[in-house]
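Asks: return a 3D structure for these sequence lines:
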Amino acid sequence: MGEFSKYQFSAINVKKKVAIRFRKFSKEISKSNTEALEAMLNFFDWNDLSPSDNLGVKNERTNKRINAVIAILKNIEKYQTKPTATMLQTLFEETTNLEKEGETYDFDTPDLVSENEELDYYRKEYFTIKENYSTLRHEMGQILSKIRYVRGNFGNGYFKVEMDRATLEELKEKV
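Replies: Alright, predicted model coming up:
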């Protein structure tokens, strides 16, 4: 005995062509013919429909839904589509005016460089940065060698840079 043994069944007479069609439909949507028929009945109940209802605009609920969709579409058109179209139209008009005035923007194709030229460029940049780093490190070493610790008489000590004003101004210019 299977799971259906606890239920009572009833036979319904339908034309063979309709029964074949229903069984095919039933296999697509559920496990059994009973579940398929129950799902169909629930659909009609939940959506307040009858199989004889015309799903056109005669149904009041459908009318309300269609009107709501129309209102949404009109809102999108009014606040999104039309302003965007206006901006694009203005942009095209400005471009056309510039072309009429003789101003054109020519974006030439870029000059292609060979792999060796590219490597030379990056090699030069590398050595330039390395030289700048070396110079900066040397200057920083000179500044650090001019720093002296001074003990405070009444509080903490402090560091003093022994540098004249002209050297300080020169350093500020470099930085």
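
Asks: ranges for the helices of this protein?
Replies: For the chain, applying DSSP state H gives helices covering 16-29, 33-46, 60-76, 82-100, 115-145, 165-174.

Asks: burial count for M40?
Replies: M40 is flanked by 16 other residues according to other CB atoms under 10 Å. C-beta: built from backbone N, CA, C; applies to glycine.

Asks: list the residues that contact it.
Replies: Going by CB atoms under 8 Å, 6 or more residues apart in numbering, M40 touches no other residue.

Asks: still on that earlier bit, including mean pLDDT, could the helices of the chain go into a markdown table?
Replies: Formatted as a markdown table, those follow (pLDDT from 0 to 100):
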| stretch | mean pLDDT |
| --- | --- |
| helix 16-29 | 90 |
| helix 33-46 | 88 |
| helix 60-76 | 85 |
| helix 82-100 | 81 |
| helix 115-145 | 91 |
| helix 165-174 | 85 |
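
Asks: in JSON lines: those, plus distance to F154.
Replies: Below are the helices of the chain laid out as JSON lines (distance: least, CB to CB, whole Å):
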{"stretch": "helix 16-29", "distance to F154": "93"}
{"stretch": "helix 33-46", "distance to F154": "89"}
{"stretch": "helix 60-76", "distance to F154": "76"}
{"stretch": "helix 82-100", "distance to F154": "71"}
{"stretch": "helix 115-145", "distance to F154": "27"}
{"stretch": "helix 165-174", "distance to F154": "28"}
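
Asks: for G157, which of those helices is the nearest?
Replies: Distance to G157, taken as CB to CB, is lowest for helix 115-145 among these, at 17.1 Å.

Asks: return the set of buried residues in that closest one.
Replies: Across helix 115-145, burial judged by 16 or more other CB atoms under 10 Å covers no residue at all.

Asks: tell me which other helices or strands that helix touches.
Replies: If contacts are counted by 3 or more CB pairs under 8 Å, 6 or more residues apart in numbering; DSSP states H and E, helix 115-145 sits against helix 165-174.
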